[in-house]
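Q: after the sequence you'll find the predicted model.
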Amino acid sequence: GENVEQHPSTLSVQEGDSAVIKCTYSDSASNYFPWYKQELGKRPQLIIDIRSNVGEKKDQRIAVTLNKTAKHFSLHITETQPEDSAVYFCAASIADNNDMRFGAGTRLTVKP
Amino acid sequence: GAVVSQHPSWVICKSGTSVKIECRSLDFQATTMFWYRQFPKQSLMLMATSNEGSKATYEQGVEKDKFLINHASLTLSTLTVTSAHPEDSSFYICSAGRLYTFGSGTRLTVV
């Protein structure tokens, strides 16, 4: 089955700096890669996603890159703000409506 | 669109009792729903895939007789934790739909 690894487990940056979180996956059939932000005690919120036919996607301060050959994808947050502090999870799935496998999570702290 | 409702949001039960958690898709039909468990400071771990009108598919290590899943309609899946014990205390969350919309989660505490 799919195995998703995520690094780093914790990340601390100064406000305004960039943050990068990296994930690798094992199943080459995976074609959907979402990123979730989870605040304490709340449900994961989808912040951005990318499909395997695209190499990069950007939404304001958030971008995701995908390298299918190397089977890794990354989340980039620019101009970080304290409200970006949360746990971020990457995930991978083979197809729509199929089960999702999550990375272990990255606790991001943005210091004012 | 794609709203998933989960109830209850939290529950405290005595050891040995059973607890039922509901997951509803409010504005779409879901032939498949997924149940996850999340322990404190850990990731979401897939427990089982709930299939409408048929048996659920359980992940390795998840006891199907302890975590009963019923998906009797296209909008409702239930997870029943039977004979709950303190080690079952966790955050249980469902997801459904093409974009994997999550329910709000249920924090179960077994005392």
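A: That came through fine. Numbering: from 1, shown residues only, chains lettered A, B, ... in the order given.
Q: where in chain A is pLDDT low?
A: Applying pLDDT under 70 to chain A flags the ranges A:95-98.
Q: mind listing the strands for it?
A: A:4-7, A:10-14, A:19-25, A:32-38, A:45-51, A:56-59, A:62-67, A:72-77, A:86-92, A:101-102, A:106-111 (DSSP state E).
Q: right, and those - which one's nearest B:D88?
A: Among these, the nearest to B:D88 by Cβ to Cβ is strand A:101-102 (20.2 Å). To be clear about C-beta, it is placed using only N, CA and C from the backbone, and glycine gets the same treatment.
Q: who's in contact with B:T17?
A: Shown in contact with B:T17 (Cβ atoms under 8 Å, 6 or more residues apart in numbering or on different chains): B:83-84.
Q: what about 10 Å?
A: B:81-84, B:110 (Cβ atoms under 10 Å, 6 or more residues apart in numbering or on different chains).
Q: save these as TSV, and put in secondary structure too.
A: Below are the contacts of B:T17 laid out as TSV (DSSP: H, G, I helix; E, B strand; the rest coil):
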residue	secondary structure
B:V81	strand
B:T82	coil
B:S83	coil
B:A84	coil
B:V110	strand
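Q: CA-only coordinates of stretch B:58-66 in PDB, if you can.
A: The C-alpha trace of stretch B:58-66 is given here as PDB (Å, rounded to 0.1, in the frame of the first residue of the first chain):
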ATOM      1  CA  TYR B  58     -10.900  -2.600   7.600                       C
ATOM      2  CA  GLU B  59      -7.200  -1.700   7.700                       C
ATOM      3  CA  GLN B  60      -4.800  -4.200   9.100                       C
ATOM      4  CA  GLY B  61      -4.800  -4.200  12.900                       C
ATOM      5  CA  VAL B  62      -8.300  -2.700  13.200                       C
ATOM      6  CA  GLU B  63     -10.700  -5.100  14.900                       C
ATOM      7  CA  LYS B  64     -13.900  -5.200  12.900                       C
ATOM      8  CA  ASP B  65     -15.900  -6.700  15.800                       C
ATOM      9  CA  LYS B  66     -14.900  -3.800  18.000                       C
END
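Q: thinking again about what came up before, just the buried subset of the contacts of B:T17, please.
A: Buried members of the contacts of B:T17, scored by 16 or more other Cβ atoms under 10 Å in any protein chain shown, are B:81, B:84, B:110.
Q: return the closest of those residues with respect to chain A.
A: B:V110 (17.8 Å; Cβ to the nearest Cβ).
Q: for stretch B:25-33, which residues meet the burial criterion?
A: B:25, B:30, B:32-33.
Q: er, stretch A:39-54 actually
A: A:43-44, A:47-50.
Q: go on, stretch B:64-76?
A: Of the residues in stretch B:64-76, those with enough neighbours to count as buried (16+ other Cβ under 10 Å) are B:67-69, B:71, B:75-76.
Q: for those residues, which two are the farthest from each other?
A: B:F67 and B:T75 (20.6 Å).
Q: circling back to that earlier point, keep only the buried residues of stretch A:39-54 that also lie close to chain B.
A: The subset of the buried residues of stretch A:39-54 within reach of chain B, by Cβ under 10 Å from any Cβ of the partner chain, is A:43-44, A:49.
Q: rewinding a little: in JSON lines, list the strands of chain A along with distance to B:C94.
A: Below are the strands of chain A laid out as JSON lines (distance: least, Cβ to Cβ, whole Å):
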{"stretch": "strand A:4-7", "distance to B:C94": "20"}
{"stretch": "strand A:10-14", "distance to B:C94": "28"}
{"stretch": "strand A:19-25", "distance to B:C94": "23"}
{"stretch": "strand A:32-38", "distance to B:C94": "15"}
{"stretch": "strand A:45-51", "distance to B:C94": "15"}
{"stretch": "strand A:56-59", "distance to B:C94": "26"}
{"stretch": "strand A:62-67", "distance to B:C94": "25"}
{"stretch": "strand A:72-77", "distance to B:C94": "24"}
{"stretch": "strand A:86-92", "distance to B:C94": "15"}
{"stretch": "strand A:101-102", "distance to B:C94": "14"}
{"stretch": "strand A:106-111", "distance to B:C94": "24"}
